[in-house]
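In: Below: sequence and its predicted model.
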Amino acid sequence: MVRQSFTVVKGYRFMEQTVEKTSNSDKWAAIWQFIKFGMVGAMNTVVSYAVYSVCYYGLKTNVHIANIMGFIISVLNAFFWQSKFVFKESEEGEHRIWWQVLIKTYISYSFSGLFLTELLLLFWLNVINLGQYLGTAAAWIGNFGITMTGYDLAVSVAPFLNMVITVPINFLVNKFWAYRQK
């Protein structure tokens, strides 16, 4: 960790840097913060997936509209819980302005949670054609009274595949940009 301080001598300001060794408690705090981010993310995934599923299956919207609706609701949910639980405001830092953090949260999730997931949905559903590989699984699910095609099952599975890529990106962007305090 690098700490900066300033010394004023005869009207000139000199910057001094001291390098401190990161303590084990700092490492555990960072690990605990990532775990809390994962817990909020798991809850947020349920919210996003529920909205996505209601829109796609219940309201019969197109898969991309369902993805956008899930995004809008889940980012608002993420902002609330991350502000309260994960990236708490430090007493020592500059006070955050909630609406600026909300806008930054939407911007940060826009890349990974909207743009990247849209690209990945196109990849899974249209390029790889994941549904063609899931026909047998969809037929097996039919034994439980749930009727769906291989494509429908691919639409249901694709968001979970996307998370392997988007969750680490979301954590880093939120930690070091959206919720950063000066």
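Out: Received, thanks.
In: Quick check: phi and psi at Ile128.
Out: With angles defined as degrees, to the nearest 10, Ile128 sits at phi -70, psi -30.
In: Quick check: which ranges of the protein have low pLDDT?
Out: 1-22 (pLDDT under 70).
In: Please enumerate the strands of it.
Out: Secondary structure of the chain (DSSP state E): strands at 2-9, 12-19.
In: What's the separation between the closest residue to Thr149 other than its chain neighbours and Ser156?
Out: What sits nearest to Thr149 in space, not counting adjacent residues and going by C-beta to C-beta, 6 or more residues apart in numbering, is Ala138, at 5.9 Å. Just so you know, the C-beta spots here come from the backbone N, C-alpha and C atoms, and that holds for glycine as well. Noted for Ala138: a distance of 10 Å to Ser156, by C-beta to C-beta, to the nearest Å.
In: Overlap in contacts, those two.
Out: Counting by C-beta atoms under 8 Å, 6 or more residues apart in numbering, the common neighbours of Ala138 and Ser156 are Met148.
In: What is the burial count for the residue nearest to Thr149?
Out: Using other C-beta atoms under 10 Å, Ala138 has 19 neighbouring residues.
In: Not counting stretch 139-152 itself, show me its contacts.
Out: Applying C-beta under 8 Å, 6+ apart, the set of residues contacting stretch 139-152 is 125, 131-135, 137-138, 153, 156.
In: Kindly check the end-to-end length of that stretch for me.
Out: Using C-alpha to C-alpha, to the nearest Å, the span of stretch 139-152 from its first residue to its last is 11 Å.
In: which ones are touching the nearest residue to Leu120 once chain neighbours are set aside?
Out: Closest residue to Leu120 apart from its sequence neighbours, by C-beta to C-beta, 6+ apart: Asn162 at 4.7 Å. Counting by C-beta under 8 Å, 6+ apart, Asn162 touches 116-117, 120-121, 124.
In: Just these: which are in helices?
Out: Secondary structure from DSSP state H places 117, 120-121 of those in helices.
In: looking at the residues you listed, which has the most residues close by?
Out: Busiest of those [other C-beta under 10 Å] is Thr117, holding 25 neighbours.
In: Assess the claim that it and Ile68 are in contact.
Out: No. Thr117 lies out of contact with Ile68 (C-beta atoms under 8 Å); the separation is 9.7 Å.
In: hmm, back to that, could you save the contacts of Asn162 as a markdown table and add columns showing distance to Ile146?
Out: Shown next, in a markdown table, are the contacts of Asn162 (distance: C-beta to C-beta, whole Å):
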| residue | distance to Ile146 |
| --- | --- |
| Leu116 | 29 |
| Thr117 | 24 |
| Leu120 | 25 |
| Leu121 | 22 |
| Trp124 | 20 |
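In: Quick check: the two most widely separated of those?
Out: Maximum pairwise distance among these (C-beta to C-beta): 12.3 Å, between Leu116 and Trp124.
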